[in-house]
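Chemist: Quick one, structure for this:
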Amino acid sequence: MSAQPEAPDDDGDFTDLLSETRILLPGAQMLSAFLIILPFNTGFSQIVHWEKQLFLATFLFSLASLVLLSAPAIQHRLMRPLKDRAGFKRVATRQVVAGAFALAIALVLGTNLVMSEVFGFAIGLIVSALMAVLVLCAWWLLPLWLKRRM
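Modeler: Predicted coordinates:
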């Protein structure tokens, strides 16, 4: 008996989506936790104004990623039983992709924040640009390229 490929509207697709959010959520949680405690450190008051703005942007993108990545699980629980499973999966997929996008921005900004503080502005820009390229390639371009090849 051979396994049949899953239909796009099959439960497995949604189960996969929820599993994928379980992979992304801890990263978003760790980044947010780091950012929450940062202003309470004694040296935070000494950073310059642009670094505080960078911190604020990083913090807001990090929180947005947490909200968007956790939304499908919470919505699924509140809306049970689902009447339009396929429609719900489309919306949930968009939320997860938007959450991953927000997390990607938070990671790049967080890289800049840390590297600029430790090594200076120029190194912060270079390393955060490298992080942006890594995220762009690994999370967005590689899957598109693989999808076209398969």
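
Chemist: I figured residue 109 hits residue 56, correct?
Modeler: No. Taking contacts as Cβ atoms under 8 Å, residue 109 lies outside contact range of residue 56: 9.7 Å. Any C-beta I mention is one placed from the backbone N, CA and C, and that applies to glycine too.

Chemist: who has more neighbours, those two?
Modeler: Using other Cβ atoms under 10 Å as the criterion, residue 109 and residue 56 rank with residue 109 on top: 24 against 13.

Chemist: contact partners of stretch 15-34?
Modeler: Residues outside stretch 15-34 that contact it (Cβ atoms under 8 Å, 6 or more residues apart in numbering): 59, 62-63, 65-66, 69-70, 72-73, 76, 89, 92-93, 96, 99-100, 103, 106-107, 110.

Chemist: Which positions within the lowest-mean-pLDDT helix or strand in the chain qualify as buried?
Modeler: Within the chain, no helix or strand scores below helix 11-37, which has a mean of 86 by mean pLDDT, DSSP states H and E. Residues 13, 14, 17, 21, 24, 25, 27, 28, 31, 32, 35 are the ones in helix 11-37 that count as buried (16 or more other Cβ atoms under 10 Å).

Chemist: what helices or strands is whichever strand or helix holds residue 65 leaning on?
Modeler: Assigned by DSSP states H and E, residue 65 belongs to helix 49-79. Secondary-structure packing of helix 49-79 (3 or more Cβ pairs under 8 Å, 6 or more residues apart in numbering; DSSP states H and E): helix 11-37, helix 85-119.

Chemist: who touches the residue nearest to residue 103 when sequence neighbours are not counted in this structure?
Modeler: Excluding its sequence neighbours, the residue lying closest to residue 103 (Cβ to Cβ, 6 or more residues apart in numbering) is residue 65, at 3.8 Å. Contact partners of residue 65, counting by Cβ under 8 Å, 6+ apart, are 24, 28, 99, 100, 102, 103, 106.
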